[in-house]
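Enquirer: 3D model of this:
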Amino acid sequence: MVKCIEKNSLRKIRESLMMSKTELSRKSGISPLTIARIENVMPCRMKTNRKILLALDLKLSDREKVFSSI
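Expert: Down below sits the predicted model:
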C-alpha cells in the first residue's frame, strides 16, 4: 500500500484539470469515498493508483507526482 505525497497532491492535480471527485470516480471506476480517502492520505492499492493515473490522463511513470511509497 502507498500514501499520497501530501494531503492535497491528488486534489490539486484533479482540481487543476477542473475535474470533480464524481467525475474522477466515474472515469476510474473507484468510489467517490475512496477518492476522498486517498486525498486525505489514506493508504491505497497499486491497482487503485493505476486506475486514478489513467483516469487523469497521466502516464504510469508519473506516479511519483501523485503518490509516494512510505
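Enquirer: OK, contacts around the closest residue to residue 36 other than its chain neighbours?
Expert: Ranked by C-beta to C-beta, 6 or more residues apart in numbering and with sequence neighbours excluded, the top spatial neighbour of residue 36 is residue 21, at 6.4 Å. Every residue, glycine included, has its C-beta placed from N, CA and C. By C-beta atoms under 8 Å, 6 or more residues apart in numbering, the contact list for residue 21 reads 14, 32, 35, 36, 39.
Enquirer: redo that, cut-off 7 Å
Expert: Residue 21 is in contact with 32, 35, 36, counting by C-beta atoms under 7 Å, 6 or more residues apart in numbering.
Enquirer: so the second one makes contact with residue 26?
Expert: Meaning residue 35. No - using C-beta atoms under 7 Å, residue 35 is not in contact with residue 26, being 10.4 Å away.
Enquirer: Residue ranges in the protein under the pLDDT threshold?
Expert: Residues of the chain that meet the criterion pLDDT under 70 lie in 1-8, 68-70.
Enquirer: Great, nothing more from me.
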